[in-house]
Each structure stands twice: as structure tokens, then as C-alpha cells.
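*Asks:* show me the folded form of this:
(8 chains)
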Amino acid sequence: MQIQLNGNPLSMDNITTVQDLLNVLKLSGRLAIEINHQIVPRSLFQSHILNSGDNIEIVHAIGGG
Amino acid sequence: MQIQLNGNPLSMDNITTVQDLLNVLKLSGRLAIEINHQIVPRSLFQSHILNSGDNIEIVHAIGGG
Amino acid sequence: MQIQLNGNPLSMDNITTVQDLLNVLKLSGRLAIEINHQIVPRSLFQSHILNSGDNIEIVHAIGGG
Amino acid sequence: MQIQLNGNPLSMDNITTVQDLLNVLKLSGRLAIEINHQIVPRSLFQSHILNSGDNIEIVHAIGGG
Amino acid sequence: MSELTNSMAEKLLIGGKTYSSRLLVGTGKYKDLEETGKAIEASGAEIVTVAIRRTNIGQNKGEPSLLDVISPDKYTILPNTAGCYDENSAIRTCQLARELLDGHTLVKLEVLGDQKTLYPDIIATLKAAEKLIADGFEVMVYTTDDPVMAKRFEEMGCIAVMPLAAPIGSGLGIRNPYNIRTIVENAKVPILVDAGVGTASDATIAMELGCDGVLMNTAIAEAKNPVLMASAMKKAIEAGREAYLAGRMPRRAYASASSPIDGQFF
Amino acid sequence: MSELTNSMAEKLLIGGKTYSSRLLVGTGKYKDLEETGKAIEASGAEIVTVAIRRTNIGQNKGEPSLLDVISPDKYTILPNTAGCYDENSAIRTCQLARELLDGHTLVKLEVLGDQKTLYPDIIATLKAAEKLIADGFEVMVYTTDDPVMAKRFEEMGCIAVMPLAAPIGSGLGIRNPYNIRTIVENAKVPILVDAGVGTASDATIAMELGCDGVLMNTAIAEAKNPVLMASAMKKAIEAGREAYLAGRMPRRAYASASSPIDGQFF
Amino acid sequence: MSELTNSMAEKLLIGGKTYSSRLLVGTGKYKDLEETGKAIEASGAEIVTVAIRRTNIGQNKGEPSLLDVISPDKYTILPNTAGCYDENSAIRTCQLARELLDGHTLVKLEVLGDQKTLYPDIIATLKAAEKLIADGFEVMVYTTDDPVMAKRFEEMGCIAVMPLAAPIGSGLGIRNPYNIRTIVENAKVPILVDAGVGTASDATIAMELGCDGVLMNTAIAEAKNPVLMASAMKKAIEAGREAYLAGRMPRRAYASASSPIDGQFF
Amino acid sequence: MSELTNSMAEKLLIGGKTYSSRLLVGTGKYKDLEETGKAIEASGAEIVTVAIRRTNIGQNKGEPSLLDVISPDKYTILPNTAGCYDENSAIRTCQLARELLDGHTLVKLEVLGDQKTLYPDIIATLKAAEKLIADGFEVMVYTTDDPVMAKRFEEMGCIAVMPLAAPIGSGLGIRNPYNIRTIVENAKVPILVDAGVGTASDATIAMELGCDGVLMNTAIAEAKNPVLMASAMKKAIEAGREAYLAGRMPRRAYASASSPIDGQFF
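*Replies:* Sure thing, here's the model as predicted:
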């Protein structure tokens, strides 16, 4: 499946949900996810199905002022 | 005829045009006139007919910064 | 005996030493004394004999900046 | 004759007066001269006799603020 | 001296017209029209602001009016929208001024936001400027010293941007030279400091920052001697402009002798 | 205008002689004598400072000298004691200058105390001033902005007191306007700001504080265009003087409208 | 001392929560997270700003993240919209931050208008603020020092207004104290100076002007010793607040002796 | 944090004794002795100045005296020569103070030159300092901000030099930071700003310039709430000292973002 992740094209197999993606990426902790400019609440990570062509942004908090 | 002139009610007889009004008021020189929020060009002073209830503003330039 | 005390003329009897004067004035604590522009050390209060016409200054510390 | 001129040692022959020195140096115009820390007035240039060992300063006005 | 000639040659260009004087003056707060005339003459100003107000009905017949003293034939009259707190009254004022001055389209737009500071309402000013420009006016706009807004007014077509130095009539001088210089550095239209100048050095500083001119009223009109202050301001503006063009010496943390060390005899 | 005539009429009085210009200039740091002459002409200065140094023996024969360009017939030459760090060298310098200038007694006394700041050594300056005055010199004295010392120099007979605005050649402007104004308020002799002026507005501010004049060198000589800066300084000094005489408007914490509220039709 | 108790008692109220510290700090520009943590602890800050950025995919596995060091349990996290030049990216950033922080609605809104000054785009900020407030956010808004706009942001429902003192990261201090004081005088919500503070005295001055707090980042992070500067800032803010509450002495043009004249014996 | 420990560790050394506090306070102008005591306690000062005056003969028997409240056992008492306009009265005052305080030799020497400014008479101060040092006194000298004189006082043996920031009791703050910094850069003895501080930020600025301490009286005593202002000053001095030691960020003409550009998703 082809997706756009944080601005870069990525090809992924065997993943269905947002949580699958996070598992593959080994990402956890405080994250927020936007798919095609729509926020995906953390409560839906397990159920939200990814589609090929999805534009996915995974963000977190970093140092800034 | 009842008009509103520069914010004050005024009763006038024997005047028909804007020019008549200026004559009665003995006003001349650089003036601009607004009737019911519409500017009356100087070229129309002679022909513009006043109506009872007109709201007339006669302005000029004064000291300001 | 006529003395000048802190700028004012004063007439005193039955006093001989600086200590006598302090006793009469009921002055104690941290003081410094100048007689005729010469400092009289505290150790000499008992022994220093006053003379008529002495110009005596008794000073202390007060609020100042 | 050995002299000190503006801080430098100088050996000069056939000169007797201050004016002789100026002539040799081709110096003219607004000058002031100090010999052994004494000012020599311009009026005495002709008559003032130089001696060996004289410490001579010849100064003029230059740009400064 | 060629340098001088040059500086005299370079002129202020506003609305397609060139001006030798970079001092613009108001006509308010003077004792009388005679003082107004004398002060403005002494200031050397070529652009003069006026307010638009109601005529006094049935009063002072035949009394000379401002434009008799400050003739449109001699001066470029710059009608302002002083006192307007909303878009519409500012637009009406400009339209009446244009009629009054036979189609004259140069106006000074100010839409105020607060009576205590007389600072502009930037949002309302922006809307009024859009409509006035669309209606063919040449808008010189009174604004804050915000460089972002100054650029926006330039980009939308204002022919001159006039940031305030300090509140109108306060005489507090250039409160934020940093902002004024930033505005000047970014600008492609004339930047004129408007409001806040209190004395001659304030005007000189504005010009040294690179401003194209200064508009003032109270600093002259409320001086003990307005005519003399007008003359002072004329010279202050020229001094500041020439200093800007001449290029000032660098600042140094320490001293640097003016007289040479060489040739000391002591 | 009578006001203008007045301000032009009132002149600077130094050593029994009156001057129309309140700008005094130095002659150091210029590219060449031609630039020196042009800049000083553009400045309008009537009093010009010079340094006294050794002649170059056996060099530049027949080359024009400073006093050919800045003629004592045209300008009041003010010899300075720049570079002197002790009483005696300052006194010797003045005596040589007097001889050089045919008995001319007007001198600018400076005895320096520190090479980093070129601030005066007040104690040595005081001693030198005493001897020079006793020897018949008219002493214009370079000092700090200490009002107590300024008064002392006046009382001992100096004909002008010249407090520094900032270190010589620093261009930092009036570092302490409070002190300068205090000195001016107490003074019975001319107070001239000497040293530290960097650009036109600095000179204007000095004059607005009530100073009788300003002496500068580096601000003009080190400008990118010295001649144009000289012209700027001429105007800046006049602007500041006129503003001082005209009496500035009061400063206000808040705004004050320049256009009347009456007669608003909106 | 009751006076002290009082001053300690009065606290900063933001979004219904009270804070003992009036110093808000950013988390950018530090050497590493350890320094970040130490500096913020030394600062005593209770409200800490963070930026929202993309996670690094496939990098620094298991490396501690900012919110591990600056725990939301200990600090009030204030997500900012730094770097946003338009309304939509600012709104998206706030929405992601809210999700990230479990429904947290407090945000610092900045919509920039210019890369050189990082001054806000007031118009876009206004639009973004409207939508965010409608969407239930508690908006602390970064704005210019324009008192009219500051009031407008208050009236539209921003819970705190944060005028800039000088450009972000410039360290130029309070460029226009007059405007800041005017904003404070008119305000019914907390006014926090945001951006431009360079050293401790700048923070003290902001508080003496009556500000309710100061937000800073670079002044601490770019000090040679950030942890010590953080401690300095903590004290500077408290000093300024207490001085404001204590009521400073009047300024005097002249001196006033601290020691009595009476009782002099000399 | 080691940095903090360090800054706490480094102390003020005066006359062979070390002090944790860098704030020195006067005892004049307070409502009563109780307020004096409370304010000085809140200030954390360890060195306290007092004046020497005539006792009131035949008055206020048994009333507590200043040194009962400000005990020499707890504080280092610094007698001053306030009010002395000549060398001899200053010397007599110091000698009486030494007797009064059981041989205590630390004194604050001031010899005034002018009643309007209370500026020192540098010449008389110099003479008095010479005799006092010869007589075994440890002299802390009040002087102008003239770097040359400050150095001279150091070289002649004064143990601390105390330049004025502004006239005594004026509250005008640091009138000439340039001079103060120059004095500090050249000094080998403690430099304490004395006189002129008006509010907390003035004290912070003095310390940021590198001063070793600040002496004040009126700024605390004439605040509406002296005890709270004393606390503010304590923190202001510490803030300024720590900021000086921490090393401030560089000033920038333009902005510098605090949040990274990398990782923007908008």
C-alpha cells in the first residue's frame, strides 16, 4: 500500500489500521495523527482503516518557544 | 419647507434649489454639499431641487492636522 | 560654669567631668564627644575635666543614607 | 655644530642664528621655535645665536580637533 | 559643492508630483489664521493638511477662510479624515474633500480606534483604504509602526505610508526607532512619520532613520513661538536628510583621538 | 519675521568677540587639505581648532599648510592641547601657539587622564588652567559633564566651559543630558558641548538642552560624505538653537487631537 | 511581613487556574533535554511552551521525548503555533496539540507576517483567534504592542494578550514601554510580554510596567549559562512584580538628601 | 545546580570581610525606627549606612536609638559624611564615628559640592580621602561617574569606589551606563553604584553592568510600601548579579525563531 507519511512517500504491506502502522514504525507515547487533514482520535487508532494514497501526518511536541 | 441643515432642523420658504439655499445663507467660496448622504456636485447647485425633509450637510476646509 | 553644648550656650553647676555632664543630661549609650574640636575618648569621660567656655559636641548615629 | 632638532640629533655647519637654520631647512611661514624649552620670539630669529647642544623644537599648526 | 547639489536635487515624490520640502504640516491649534500662515511659510512646507468640517451657518460672514490663507494654488492641500472612528465617515469625508477641491484625489486617511491614544483602527483603516483606492483616491495612510501592516498598505496601493512616532499631539518623539527603520528598509513607497514629534531633534532623528518626510502639527502650533519653531523644523528636516545621505560615522565603544599622535614635541 | 530676526540677531560671545555660527569644528582626520577646506566652509564654522606639532624637517617643501587653507584672517583659530597628559606640555603648547599666531591668546585646554576614554584629568586641567589664566590666556576648557567642576572652571576665569557629551571620537551622542542641562542652568559663561557628537540629531539635542554651541570633528571628518555632513551639522545646530528659543510643546502621556471635534458631520 | 505575604498571595490567573510564577518559558534552542529540564526547573516556571512538529520516522528509538522531561503532570503545557504564516496551519496545529494533550484547550496563537521580524500578521491572527475560540480553545494571543488591537483581542474572548517587547529572539528588550503600559492600563485580561526580552532587567521593567507576566525562551537558552540565567529571570520577575506593587518613589529633577540637615555639628 | 552554587559562593569582599548580600542600604527618610528595621531586614542588607548628628539634649529620654534597632553586632555599620561640604567636617565626622563605634574604621566618605545636585566636590573629596587613609580609615568613596577620578581614588587606597548613578534621592536611575561600565572594566577594587536608583530594574541594570553592589536609601524608604520594595531590591540585585555571571544572549537587529523550522507539517 502506498501512503504519504510526514511528507514522504512510503510503501507498506501487511498493515490495516493506524495502530498497525504505529507498531511497524515502533512509535508510541504522546502522538497525534492527521490523515488527509482529518485528525484521528487516539481512541480510533485500533479501528481506523488505512487506505492506499492516505496522506498521514504523525506529530509530537518538541522544544520551541 | 422643513430641512435638516448641518444637524439642525430649519424651516425655509421661497427656496427651490441648492443655490437658493446658499444665497439665503450668504454662503459662497469653497464648499461641498451632501444631501441625504449623496454629494451634490457644484455644477448642479443651480438645478438640484430641494425637498422638504432633506438632510443637508454643507462643509468646508478648516485648520486640522 | 558656662559651656557651649551642641551649639547652644548652657550654664551648669556642680559638674566637673564629662561623665558628670552626661549624668546631668541623662545621656548614655553610644555617644562620641568632641571638646574644642578634640575628641574625648570614652575611656576618659570619668577623668576629663570640663572648663568654662568649653565648646562641647555630643553626637550619635541616626538614620541617614 | 651638534644640535637636537625636533627630537633628532643633527650636525650643522656654517649656521649662526635661528634664521640661518630656517634658511638651510628652507622653512618659512607660520612657525614657532623653542630652544631648550624657551620660546624664541619671531622678532629674534635674526639675532638669536645657536649654540652646540641646543635642543630645538620647530612647530606649526596642523589638523586636529 | 556637488554633494550639496545632489542632496538638493533628490526630491520627495508623492502622487506623481515632486516636492523640495520633506516637511508636511497641519493647520490645527493655531491662535489665528495669520499665525497659521506665517508658521507654514516659515516651515517651507509644500504639502499642508486640513480638516473637513461643517460650515458655521449664519456666523462670521466674509471672514477669511483657511483656504484663502493657505491657497490651493500655492500649496498641495492634503485633506485628512481626522476624527473618523469608522470606515464610512472616513470615506464620506474624502469624497466631500474631493468635491470641495475640484476633483483633488490626494487624501490622508486616518480611522481612529481609541480616544485616549488616537491610535488607528488598523482593520477599519484597511477596509476604508481598499474602497478609497478603488474609487480613484491617492491614499496616504496613517498607521501604527507595525512593519507587517505598513507593507500591506503599500502592497494594496497606498501611495505613502505614515507610521506614528508617538500618539498624536503627545510630543513624545520616536518611541520605537527600530520599527520605523524596519518599515523604511522594506518600503517601496515614501514613508512619512506622522504624529508624535515634539521638537526639532525628533524630526532630525526620523529623517536619519531614512524616512522620506515628516508630518507634524502640534509641535509647531503649540510651541511658545510657533513661527520660530517652524523655521527650526525646516532646518531639522534638512539636517536629518543630509545626515542620512552623508552617512554617519561609526559608533565606537571607546575614544579615538582627533589630533595626530605623530609630531608631538612634549 | 521678527522672531527669526531675533534668533539670528542673538549671537555667540566668546572672548569679547561675537559669532553668528554656534558650530565649532576641528581639522583632524580629513582625507586632505582640500576636503578640510570644503567641509569647514560647508559647516559655516567661524572658530576652528588646530593642533600644534613638530614641522616635518626636509619634507614636503612648499606644500600648502593648514593655515594657508584655514586662514587666520578668515577664521578664529583655536589651538588645542590635544594629546597632552600633563600640565606642563599643555602650557608649553599654548605658549608656542600664542607665538605662532602672533600673540593670539584664545586656547582650548585639554589635559587627558586616560588613553581609552580620552577623558580629562580634572586635577591637572585645573592646575594648567590656573597658570594659563594667570599668563593672560583666554581658556576654553575641555572637562567632564560634572556640574560642580564646570562651575569651578567658570569661577576661576575660564571664558568657556566645554563638557564632553561622550568620549572623543566615539560618536555616542549626549550620554547624560541631565548633567549637560544642569551645567547650562548654572552657567554664566558659554557652555559648548565638546566631543562625542556622532550625527546631526546629537548636535540638535545639545542645542535644545540650552548649550551655547557644539565643537565637533570626527562626526564630520569620518562621515562617508564629510562635506554634506558639515552642511547637515550647520542646519542641525541652527535647528536646535531655534527650537530652544522657540520653546517646545509640553510632553503629554496621552494623545491630543490636532483637528477640532466641533463641526463633525459624521 | 504582611506586605510580603500579600504579594505572594496574589497570583496569576490564566484559564481559570492560578499560578505562583509569573515567568512563562519556552523549550527551544537548548543544548539538550537535560539542560532544558535544569533551566526550566531553575526558572520556577509553571507554564511551558512547546512546538508541534512531525515525529522523526525511524530515528532515535526510545530516546526520551520533551514531554518525558517536562511532564504535563507537573507543568501546564502551552502548545504554540510558531512558524505558522497562515490561519489554517495555526488552527491545524492547535487541533493536533489538543489531541496530543488529551483535550487540553490552552494554546498560544501566533500567526506570523514577516520572516525578518517574525512580527504577527494581525489580520490572520484575528481570523484564527475567532475560529479557535468558537472551537472551544482558550487562546493566549501573540500580537504587536498596538493598544487598539490588544483591546480587540481581549474583547473577542482571548484569555490573555501577549504583546511583543521586541522581535522574537532579538534580545532588544522593551522597545516601547509607552505602548505596553497603555495596553496594561486598558486591560481586563492578563497581559504578558512575549518575545524580545534579552536579560534580567528587561523582565523586571516589563513587570514594573504592570504586566501580569513575561514569556521568554532565547534569553535563557542562549545565555552562556542558561541555568543561572533562568534563576536570574525568576528573581527578576519577582523583583519587578514586587516593585510594581510596592509603588516606586517619584522621579525628581534634582537631588534630595537622605540624611537630615538638622543636628549637623559641622 | 553547580552554577547556582558558584554564584552563591562568590561573595562581596570589602575591607577584608565577605558579604553574601550586594545590596547596601541607608537608614534615612523612614516613617519610624520600626519601619526602618523591617525594611532593612527585608532587604537582606548586611552593610547599613548611618549619619552622625548631635544628640537631642533634654529630649526623648529612653527612646530607642537607631543602633538599638540596627545593631552593630548584626550589621556592618557604615557611617557616612552626608551633608559635609568641606574636607574638615568630613574628617571630624569620620573621627567621631570611629570613637562612637569603638574604633571601627570603615567609612563612607562624601564631600558635597553643590546643594542642587548633591554631586561631590571631587577636589575636596580627594584631600579628605588622603588624610583619612593616612589616619587609618578604610574609605569607601562617593564620587562622580568619571572613570579617571574613579581610578585615582582606587590608586590612592580607597577600598571601594562608589560612583553616583544619578543625583542622591532623584530616582533617575543609571544616567550614564557607559561610564559605569568603563569604571568597572578598569577597577581592581569593588565598584558600588551609590545614589540615584529609583526602582528595582535600576538596581538590576547596575549589577548587569558588572558593579559589585549597589547602595540605596530613598528608593526603598520613599516607596509606598518600603518593606515590599526592600524585598524587590534584594531580588533585583541578585537577578542582576546572576544575569551578569550567566552572560546575556547577544542582541540582534532582527528576529530569530525559538521553534525549529524542521518538521513543520503545514
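*Asks:* who in chain E is up against chain G?
*Replies:* Within chain E, the positions adjacent to chain G are E:113-114, E:116-117, E:119-123, E:126, E:144, E:146-149, E:151-152, E:166, E:172, E:175-176, E:178-179, E:182, E:186 by CB under 8 Å from any CB of the partner chain. Every C-beta, even on glycine, is put in place using the N, C-alpha and C of the backbone.
*Asks:* which among the residues you listed count as buried?
*Replies:* Neighbour-count burial (16 or more other CB atoms under 10 Å in any protein chain shown) is assigned, among the residues of chain E next to chain G, to E:113-114, E:117, E:119-123, E:126, E:144, E:146-149, E:151-152, E:166, E:172, E:175-176, E:178-179, E:182, E:186.
*Asks:* so which of those reach chain F?
*Replies:* Among these, the residues that sit close to chain F (CB under 8 Å from any CB) are E:117, E:119, E:172.
*Asks:* which of those residues sits closest to chain C?
*Replies:* Out of these, the one with the shortest distance to chain C is residue E:172. That distance is 33.0 Å, counting by CB to the nearest CB.
*Asks:* how about the strands in chain E?
*Replies:* For chain E, strands defined by DSSP state E occupy the ranges E:12-14, E:17-19, E:23-25, E:47-54, E:76-79, E:106-109, E:138-143, E:160-163, E:192-194, E:213-216.
*Asks:* and of those, who's closest to residue G:229?
*Replies:* With CB to CB as the criterion, residue G:229 lies closest to strand E:160-163 of these, at 33.9 Å.
*Asks:* picking up where we left off before, pipe the strands of chain E into a markdown table and attach mean neighbour count per row.
*Replies:* Supplementary listing: those in a markdown table, determined by neighbours: other CB atoms under 10 Å in any protein chain shown:
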| stretch | mean neighbour count |
| --- | --- |
| strand E:12-14 | 19 |
| strand E:17-19 | 14 |
| strand E:23-25 | 30 |
| strand E:47-54 | 26 |
| strand E:76-79 | 22 |
| strand E:106-109 | 26 |
| strand E:138-143 | 26 |
| strand E:160-163 | 27 |
| strand E:192-194 | 29 |
| strand E:213-216 | 28 |
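*Asks:* tell me which of those strands lies nearest to residue H:248.
*Replies:* Closest to residue H:248 of these is strand E:160-163 (CB to CB; 29.7 Å).
*Asks:* what sits up against that closest one?
*Replies:* Contacts with strand E:160-163, where a contact means CB atoms under 8 Å, 6 or more residues apart in numbering or on different chains, come from E:14, E:108, E:140-146, E:150, E:153-154, E:179-180, E:183, E:187, E:189-194, E:212, E:215.
*Asks:* surely residue A:58 and residue A:33 touch.
*Replies:* Yes. Residue A:58 lies in contact with residue A:33 (CB atoms under 8 Å); the separation is 5.4 Å.
*Asks:* common neighbours of these two, please.
*Replies:* With CB under 8 Å, 6+ apart, residue A:58 and residue A:33 have no common neighbours.
*Asks:* so does stretch E:54-73 get close to chain B?
*Replies:* Yes. Looking at stretch E:54-73 against chain B by CB under 8 Å from any CB, the contacts come from E:54, E:55, E:57, E:58, E:61, E:65, E:66, E:67.
*Asks:* show me the residues you listed that map onto helices.
*Replies:* Secondary structure assignment (DSSP state H) places E:66, E:67 from these within helices.
*Asks:* list buried members of the residues of stretch E:54-73 next to chain B by neighbour count.
*Replies:* Neighbour counting with 16+ other CB under 10 Å marks E:54, E:55, E:65, E:66, E:67 as buried within these.
*Asks:* what's the closest of these to chain H?
*Replies:* Proximity of those to chain H was ranked by CB to the nearest CB; the top entry is residue E:66 with 43.9 Å.
*Asks:* so which residues of chain A form strands?
*Replies:* A:2-5, A:8-11, A:32-35, A:38-40, A:55-63.
*Asks:* now those in TSV, with mean neighbour count, mean pLDDT and distance to chain G?
*Replies:* Output for the strands of chain A, formatted as TSV (neighbours: other CB atoms under 10 Å in any protein chain shown; pLDDT from 0 to 100; distance: least, CB to the nearest CB, whole Å):
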stretch	mean neighbour count	mean pLDDT	distance to chain G
strand A:2-5	16	94	6
strand A:8-11	10	92	8
strand A:32-35	21	96	4
strand A:38-40	16	95	5
strand A:55-63	22	95	4
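*Asks:* alright, calling it a day.
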